[in-house]
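Peer 1: Model the following, please.
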Amino acid sequence: MSGADEEFLDQPKLETTAESTDFSTTFVIRDEDHTLGNSLRICLNNNPKVTFCGYSVPHPLENKLHLHIQTKEISASEALKSALREVMGICDHVGATFEAAEDQYYREGGTGH
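Peer 2: So this is what the prediction gives:
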């Protein structure tokens, strides 16, 4: 492994920016893009305790996501944890639904490609 690779692995997956507070936080999430960003944004904006949520990918060559969350009554960190659990639940549901449909397809004589 090269020195650059080792340095990359030493970086944390999740950080907050210096100006972040308990109720207004910008999270920097390494190795993520629009797929996670948009999923989290939708879940967070459905939370009535979140007053604002937005995300950006600063540059296509930088593999990181900036997620800004403003909240009332709960911390931005708690809102993020809740949204991450919700996204994981959605992914589990999609996976189970796909597997059930695939099983049914093959039971009914489907042969695949």
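Peer 1: Quick one: the strands in this structure, in order.
Peer 2: 14-16, 24-30, 50-56, 64-71 (DSSP state E).
Peer 1: What residues does the residue most central in space within the chain make contact with?
Peer 2: Centroid-nearest residue in the chain, with Cα atoms, centre = their mean: Leu36, separated by 3.6 Å. Shown in contact with Leu36 (Cβ atoms under 8 Å, 6 or more residues apart in numbering): Ile29, Leu65, Val87. C-beta here means a position set from N, CA and C on the backbone, and glycine is covered the same way.
Peer 1: Burial check on the last one, number of neighbours?
Peer 2: Using other Cβ atoms under 10 Å as the criterion, Val87 is surrounded by 16 other residues.
Peer 1: Pull up the per-residue confidence for the nearest residue to it once chain neighbours are set aside.
Peer 2: The shortest distance from Val87 to any non-neighbouring residue, by Cβ to Cβ, 6 or more residues apart in numbering, is to Ser39 (4.9 Å). Per-residue confidence at Ser39 stands at 97 (pLDDT).
Peer 1: could we number from 816 for the rest of this?
Peer 2: With 816 as the first residue, the last one maps to Ser854.
Peer 1: Kindly list the single helix or strand of this structure that scores lowest on mean pLDDT.
Peer 2: In the chain, no helix or strand scores lower on mean pLDDT, DSSP states H and E than helix 818-825, which sits at a mean of 61.
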